[in-house]
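S.K.: dropping the sequence and predicted coords here.
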Amino acid sequence: MFNPKMEKMPRKKLEELQLKRLKKIIRYAYDNVPFYREKFDSAGVKPEDIKKLEDIEKIPFTTKDDLRKNAPFGLLALPMEEYVELHASSGTTGEPVTVCYTRHDLEVWAEVMARCLAMAGLTKKDIFQIPIPYGTFTGAFGFHYGGQKIGALIVPTGKGDSERQIRLMKYYNVTFIAGIASYAMHLASVAKKMGIEPSELSVRNGIFGAEMFTKEMKKRIMETWDMDVHDIYGLTEMCGPGVSADCDEHDGLHLWEDHFLAEIIDPKTGERLEKEEEGELVLTTLTKEGMPVIRYRTRDITFIYDGLCNCGRTHIKHAPIKGRSDDMVIVKGTNVFPSQIEEAIMKNSKVGSEWLMIIDKKGDMDELIVQVESKEKYSEEEKKKIAEELKKEIRIITTLNAKVEVLDPDTLPRHEGKAKRVIDKRK
Ligand code: DLL
């Protein structure tokens, strides 16, 4: 563990610390950010009304729209000269959101990232490759700062050029990689084309996130690379990657509660849900001084586990993110998450790792088309057989009758950033 004292802190002490920090951050946001003062005032709540953790429910939510309307610098709590770095969200769902960090904020980010990386097995003996663009996207810098804090040797290969990534991985005997889940599979297929078996490289651990990836995809990455795979979650609004990650139990992600306060709400009513109940994750930064974010609606769907983890860490765990509530599509009145489609198709050993779901209208009816690459080039007859198998599995998981098209390898578009899996032509 990177910080055993904090990671194993007894629950009672951890909750006392959270309450102390919550009171402080609410007061701080009220006094220093006009947006929060107005928001709290219009809801008739004052900082002194926060007496216990549950009192956070009295405070209104903050949404991505609020952050956009006040972008780029409208939510800063301190004078400009206090800030040393800026990042922005990837803008997958619209205008990017900008966040500014003070030195203290960067220090907290490095700390939570170091905890996640150590949990995934990173040590100072590792050679750690970061094949993520270094830019306004938070990914690369988060892994970089956390890796440096641990003392690993970082190989900052940055953006793109997959062949170069593989060449350098081999040349430097890289032992640990980080990145975006779908890119790990893309790198593996590039390595194979170069005549290199990914499992024969020295990479033994990987940590991936930034997009939903199912258990099935995780298993594929593990097998293809012969490495252990950890899931890491985060979002620009909180810091970037580093909010949570999974331990060696591989059953849920520990969320660093000394820095983030988590709630799960019903996305429709906004009401607070109990542990084990699935809903939208709402997060509050407890220690951010540059740009505190209070009761932020992440749109990410998950649930919080009840009970403590066998690994000894006391911080709560949440289930792997099922998807974003805005990723959910309604097809013929049925709610479908891309993760359900991925779960259904990745079970089939003949399909590759690239896939796409397209929703269209056929007359008045919705039509769900799933395109998926096969692992190898198959005959038309064989492809039809695979399509039938996939169709059956999709029906079991979603109840929907999809049209499945099995395509040859390397036909679907590749992504160096987050994968785009859904095209809704009805919009
Ligand atoms: O994607 C931060 C990040 C970089 C996390 C690298 C992990 C690794 P944003 O661009 O602001 O930040 O996007 C945040 O990505 O609200 C989720 O919807 C999604 N996301 C992030 N991690 C995961 C994950 C980065 N492990 C948005 N599983 C979040 C599923 C994830 N979705």
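M.R.: Arrived safely, thanks for sending.
S.K.: just the helices in the protein please.
M.R.: Counting by DSSP state H, the chain has helices at residues 4-7, 11-32, 34-42, 64-69, 103-119, 139-150, 162-171, 181-193, 215-225, 338-346, 380-398.
S.K.: list the buried residues for the first one?
M.R.: Applying a neighbour-count criterion of 16 or more other CB atoms under 10 Å, one finds 6-7 buried in helix 4-7. (C-beta placed from N, C-alpha, C; glycine too.)
S.K.: returning to that earlier point: and the helices of the chain: which comes nearest the ligand?
M.R.: Among these, helix 139-150 comes nearest to the ligand, with 3.7 Å by CB to the nearest ligand atom.
S.K.: what is the neighbour count of I330?
M.R.: The number of residues packed near I330 is 12, by other CB atoms under 10 Å.
S.K.: what of the one 3 residues further on?
M.R.: Residues lying near G333 (other CB under 10 Å) number 7.
S.K.: what are the phi and psi values at it?
M.R.: phi 80, psi 0 (degrees, to the nearest 10).
S.K.: what's the pLDDT at it?
M.R.: Looking at G333, its pLDDT reads 86.
S.K.: how is this protein carved up into domains?
M.R.: By the assignment in automatic domain parsing, the chain contains the domains 1-326, 334-424.
S.K.: TSV for those, including distance to the ligand?
M.R.: What follows is the domains of the chain, written out as TSV (distance: least, CB to the nearest ligand atom, whole Å):
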stretch	distance to the ligand
domain 1-326	3
domain 334-424	7
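S.K.: what's the most buried one of these?
M.R.: Among those, domain 1-326 has the highest mean neighbour count (mean count of other CB atoms under 10 Å), at a mean of 19.
S.K.: if we can go back for a sec, quickly, which of the domains of the chain bottoms out on average pLDDT?
M.R.: domain 334-424 (a mean of 91).
S.K.: quick one: end-to-end distance for that one.
M.R.: End-to-end span of domain 334-424 (CA to CA, to the nearest Å): 15 Å.
S.K.: next one: stretch 123-140
M.R.: This stretch, stretch 123-140, spans 18 Å end to end (CA to CA).
S.K.: gap between that stretch and the chain center?
M.R.: Relative to the mean C-alpha coordinate of its chain, stretch 123-140 is positioned 15 Å out (CA atoms, centre = their mean, to the nearest Å).
S.K.: now for I316: which residues touch it?
M.R.: 254-255, 257, 262, 304-305 (CB atoms under 8 Å, 6 or more residues apart in numbering).
S.K.: farthest pair within these?
M.R.: The span of those, defined through CB to CB, is set by E257 and Y305 at 13.0 Å.
S.K.: show me where the stretch 201-350 of the chain has strands.
M.R.: Counting by DSSP state E, counting those that start in this stretch, the stretch 201-350 of the chain has these strands, from start to end: 205-209, 228-235, 240-246, 253-255, 260-265, 279-285, 296-302, 317-318, 323-324, 329-331, 334-336.
S.K.: okay if I get the ones you listed as CSV plus distance to K420?
M.R.: As requested, those are exported to CSV (distance: least, CB to CB, whole Å):
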stretch, distance to K420
strand 205-209, 17
strand 228-235, 18
strand 240-246, 20
strand 253-255, 24
strand 260-265, 27
strand 279-285, 22
strand 296-302, 17
strand 317-318, 25
strand 323-324, 13
strand 329-331, 13
strand 334-336, 16
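S.K.: to R414, which of those strands lies closest?
M.R.: Closest approach to R414 among those (CB to CB): strand 205-209, 16.2 Å.
S.K.: the closest one: partners in the sheet, and parallel or antiparallel?
M.R.: strand 176-180 (parallel), strand 228-235 (parallel) (DSSP bridges).
S.K.: tell me the phi and psi of F303?
M.R.: phi -140, psi 160.
S.K.: name the nearest residue to it, ignoring sequence neighbours.
M.R.: E278 (4.4 Å; CB to CB, 6 or more residues apart in numbering).
S.K.: I'd say that neighbour and Y305 touch.
M.R.: No: if you go by CB atoms under 8 Å, E278 and Y305 don't touch, sitting 11.6 Å apart.
S.K.: residue contacts, I321?
M.R.: I321 sits next to 212, 233, 281, 300-302 when contact means CB under 8 Å, 6+ apart.
S.K.: which one of those is nearest R324?
M.R.: D300 (5.8 Å).
S.K.: who's the closest one bridged to?
M.R.: Listed beta-bridge partners, D300: R324 (assigned using DSSP bridges).
S.K.: contact partners for it?
M.R.: When contacts are counted by CB under 8 Å, 6+ apart, D300 touches 233, 235, 280-281, 321, 323-325.
S.K.: try 10 Å
M.R.: By CB atoms under 10 Å, 6 or more residues apart in numbering, the contact list for D300 reads 212, 233, 235, 243, 280-283, 318, 321-327.
S.K.: farthest-apart pair in the contacts of I321, please.
M.R.: M212 and L281 (13.1 Å).
S.K.: who touches both of those two?
M.R.: In contact with both M212 and L281: 300-301, 321, using CB under 10 Å, 6+ apart.
S.K.: now these as JSON lines including distance to L14?
M.R.: Below are the shared contacts of M212 and L281 laid out as JSON lines (distance: CB to CB, whole Å):
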{"residue": "D300", "distance to L14": "23"}
{"residue": "I301", "distance to L14": "25"}
{"residue": "I321", "distance to L14": "23"}
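S.K.: longest strand of this structure?
M.R.: In the chain, with assignment by DSSP state E, the single longest strand is strand 351-362.
S.K.: residue farthest from the centroid of the protein?
M.R.: Distance to the chain centre peaks in the chain at E381, reaching 38.4 Å (criterion: CA atoms, centre = their mean).
S.K.: I'd like the distance between that one and D228.
M.R.: Separation of E381 from D228 (CB to CB, to the nearest Å): 39 Å.
S.K.: list the contacts for the nearest residue to G352 once chain neighbours are set aside?
M.R.: Nearest in space to G352, with sequence neighbours left out and distances taken as CB to CB, 6+ apart, is E373 at 4.0 Å. E373 is in contact with 189, 351-356, 406-412, counting by CB under 10 Å, 6+ apart.
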